[in-house]
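Peer 1: structure, please.
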Amino acid sequence: MNAMNNSAGNGGASMNPPASPIIWGMPVALFWGYVAVALYMTGDGIEVAFLSKYVTGIGFSARQAGLLFTVYGATAAVASWLSGVLAEVYGPRRIMAIGTLWWVVCHVAFLSGGVMRHDFVLMLVFYGLRGFAYPLFFYAFFFWIVQRTPDHRLASAIGWVWSMFTIGYGIIASFLPSFTIPAIGFLPTLWMSLAWVGCGGLLAFLAIRDDAPAAIDSHEGRSLRHQLTEISRGLTLIVHNRDIALALVTRIICNLSLFGFPVVMPLFYTSAEGGFTMPQWLRIYGIFFLVQPFTNVMWGIVGDRIGWLRQMRWVGFVGCGIATLAFYYLPHAAPGNMVVAIFAALLFALTITSFVPMGAIFPMLAPEHKGAAVSVQNLGGGLANFAGPALATVLVAGYGTQGVVVTFASLYFLGAVLTCFIRLVQPRGVHAMDVASSAKAQAVRDGLDISHSDPSPTPAE
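Peer 2: Coordinates of the predicted model:
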């Protein structure tokens, strides 16, 4: 089923306009939205690398600093679950605007009412409330992509948005404070993030020329009861759709090491056993992020060609299980060897980004409720954000870093097995290389898919 033939919801939603033209896997009409994501997520992530140090530096405990991030993660997880279906019910442009305004108001309150007054209660309240904002912006745009991209190119389009996320949140937001803090200080750097988020929000609101998927606009859609039904559908899908439930488990597993390793690996790498200094560790982990914008796009394009589940099973779960072990055992065998450690980091980045098609799989498993399906996918991401650090914290006390690594790797191998039980029919379509010749281009114009002997959707396996 093609995305452009699906309505924004079920039951009376407006028909979507035709899917946007695709260049290198990216919907052309949404180009400025991708740029907006990079700007917005830069502002959202600027404080991540130094906020805990700053908070302890102004008189609060490390435990209080950790509590800030814990509450923020909890609210972000809830908003991640709600955002997709809210975008389906009310329209993604509106939800992205709300996410921008919410972020700005809460960040101003966090800094002026909490940080500048050294009032931890207000800091906790407003930083926690700010956690609702970025998922509303990011995942509403994610839903917009799902609605505007032909199904057989969806992984490619999603690969691009994760690349923009990584460029903003993982790269610019990590390196920028290293220049601004020495120049202007911690607090002005925190205020500076307002400009990045504001520019991202304005760009998304003003520059995207594509019409957003229509909100549910029938009489039934306008009723509060129907809106609440759509919003709660994300949870009911887990109960009633076996494949969605299995996909949710695999979604949680796929990012365990991504979120869990920062708890234990800095300690291991900078210990006598690991043999690295803190600057060396930061460079190793920085290289891990630097390659992801490229590998995200690459795996999106490759997954559209070779099969989403096949790629995730072998490169993702099996590959990431091996990379997880290598990220610990290779430096353990060669302490202080940067070449070995960088190789392990690159292997880790190459395999963990192969999960890009995960975002395409969920809406294909419930095509009548794409917004709810995207919300379940987002919920899985939020739960991984909790489960990774929680498992690492519990296991490292009794079994050390090795126990954490072996457990994560075992769960990845379990995830590979689970993918064998997910029933997915991946849409197939004509690829860019297929339209190079005029004959094939004419076939496309005539509505024929000559890249397969059977024009009907084919299984991903």
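Peer 1: surely residue 100 touches residue 199?
Peer 2: No - using C-beta atoms under 8 Å as the test, residue 100 is too far from residue 199 to be in contact (10.0 Å). C-betas here are computed from N, CA, C, even on glycine.
Peer 1: so where's this protein shaky on pLDDT?
Peer 2: Residues of the chain meeting the criterion pLDDT under 70: 1-20, 25, 49, 62-63, 66, 211-231, 234, 428-461.
Peer 1: longest helix of it?
Peer 2: helix 370-419 (DSSP state H).
Peer 1: residue 346 versus residue 294, what's the distance?
Peer 2: 11 Å (C-beta to C-beta, to the nearest Å).
Peer 1: have a look at residue 100 and residue 199 and say which one is more surrounded.
Peer 2: Higher neighbour count among residue 100 and residue 199: residue 100, with 25 against 17, using other C-beta atoms under 10 Å.
Peer 1: what's the helix or strand for that one?
Peer 2: Using DSSP states H and E, the element containing residue 100 is helix 92-109.
Peer 1: roughly how far is stretch 27-42 from the heart of the chain?
Peer 2: Distance of stretch 27-42 from the chain centroid (C-alpha atoms, centre = their mean, to the nearest Å) equals 14 Å.
Peer 1: for that stretch, buried residues please.
Peer 2: For stretch 27-42, the neighbour count (16 or more other C-beta atoms under 10 Å) marks 27, 29-31, 33-42 as buried.
Peer 1: before we move on, what about stretch 169-182?
Peer 2: For stretch 169-182, a neighbour-count test (16+ other C-beta under 10 Å) marks 169-174, 176-177, 181 as buried.
Peer 1: list the contacts of the residue positioned nearest the centre of the chain.
Peer 2: By C-alpha atoms, centre = their mean, the mean C-alpha position of the chain lies nearest to residue 162, the distance being 5.9 Å. Taking C-beta atoms under 8 Å, 6 or more residues apart in numbering, we find residue 162 in contact with 292, 296, 353, 356, 359.
Peer 1: for the residues you listed, work out which two are farthest apart.
Peer 2: Spatial extent of the contacts of residue 162 (C-beta to C-beta) is set by the pair 292 and 359 at 14.9 Å.
Peer 1: which one's more surrounded, these two?
Peer 2: A count of neighbours by other C-beta under 10 Å puts residue 359 above the other of residue 292 and residue 359, at 26 against 20.
Peer 1: burial count for the closest residue to the more buried one other than its chain neighbours?
Peer 2: Leaving aside its sequence neighbours, residue 359 sits nearest to residue 158 (C-beta to C-beta, 6 or more residues apart in numbering; 4.2 Å). For residue 158, the tally of surrounding residues (other C-beta under 10 Å) stands at 26.
Peer 1: tell me who's in contact with residue 158.
Peer 2: 142, 145, 300, 356-357, 359-360.
Peer 1: can you add secondary structure and distance to residue 418 and give these back as JSON lines?
Peer 2: Formatted as JSON lines, the contacts of residue 158 follow (DSSP: H, G, I helix; E, B strand; the rest coil; distance: C-beta to C-beta, whole Å):
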{"residue": "142", "secondary structure": "helix", "distance to residue 418": "23"}
{"residue": "145", "secondary structure": "helix", "distance to residue 418": "26"}
{"residue": "300", "secondary structure": "helix", "distance to residue 418": "22"}
{"residue": "356", "secondary structure": "coil", "distance to residue 418": "18"}
{"residue": "357", "secondary structure": "coil", "distance to residue 418": "15"}
{"residue": "359", "secondary structure": "helix", "distance to residue 418": "17"}
{"residue": "360", "secondary structure": "helix", "distance to residue 418": "17"}
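Peer 1: now, which of these sits nearest residue 191?
Peer 2: residue 142 (28.2 Å).
Peer 1: just checking, the closest one touches residue 160?
Peer 2: No - here residue 142 does not reach residue 160: they are 11.2 Å apart, not a contact under C-beta under 8 Å.
Peer 1: quick revisit: now the helix holding residue 100: buried residues?
Peer 2: Under 16+ other C-beta under 10 Å, the buried positions of helix 92-109 are 92-100, 102-104, 106-107, 109.
Peer 1: kindly report the same for stretch 280-294.
Peer 2: In stretch 280-294, counting by 16+ other C-beta under 10 Å, buried: 280-285, 288-293.
Peer 1: who touches that stretch?
Peer 2: Contacts for stretch 280-294 (C-beta under 8 Å, 6+ apart): 162-164, 166-167, 170-171, 174-175, 265-266, 269-270, 276, 338, 341-342, 345-346, 348-350, 353.
Peer 1: the stretch 151-300 of the chain: strands as residue ranges?
Peer 2: Taking DSSP state E, counting those that start in this stretch, the stretch 151-300 of the chain contains no strands at all.
Peer 1: all helices of it, in order?
Peer 2: 154-165, 173-184, 186-207, 219-222, 224-240, 242-254, 256-269, 278-290, 292-306 (DSSP state H, counting those that start in this stretch).
Peer 1: deepest-packed of the ones you listed, please.
Peer 2: Highest mean neighbour count of these: helix 154-165, a mean of 26 (counted as mean count of other C-beta atoms under 10 Å).
Peer 1: any idea of the angle that helix forms with helix 292-306?
Peer 2: 180 degrees (axes from the mean of the first three to the mean of the last three C-alpha atoms, to 10 degrees).
Peer 1: which residues touch the closest residue to residue 103 other than its chain neighbours?
Peer 2: Excluding its sequence neighbours, the residue lying closest to residue 103 (C-beta to C-beta, 6+ apart) is residue 133, at 3.6 Å. By C-beta under 8 Å, 6+ apart, the contact set of residue 133 is 44, 79, 99-100, 102-103, 106.
Peer 1: now with 10 Å?
Peer 2: Residue 133 makes contact with 40, 44, 75-76, 79, 98-107, 197, 201, according to C-beta atoms under 10 Å, 6 or more residues apart in numbering.
Peer 1: what is the burial count for residue 333?
Peer 2: With other C-beta under 10 Å as criterion, residue 333 counts 10.
Peer 1: my guess is it contacts residue 340. True?
Peer 2: Yes - using C-beta atoms under 10 Å, residue 333 is in contact with residue 340, at 7.8 Å.
Peer 1: overlap in contacts, the two.
Peer 2: Common neighbours of residue 333 and residue 340, counting by C-beta under 10 Å, 6+ apart, are residue 326.
Peer 1: now that residue 188 has come up, it's in contact with residue 180, right?
Peer 2: Yes - at 7.4 Å, residue 188 and residue 180 qualify as touching, with contact defined as C-beta under 10 Å.
Peer 1: close enough to count as contact, residue 52 and residue 72?
Peer 2: No - using C-beta under 10 Å, residue 52 is not in contact with residue 72; the gap is 11.6 Å.
Peer 1: in terms of neighbours, single out the busier of those two.
Peer 2: The neighbour comparison of residue 52 against residue 72 (other C-beta under 10 Å) goes to residue 72, with 20 against 17.
Peer 1: all good on my end, thank you.
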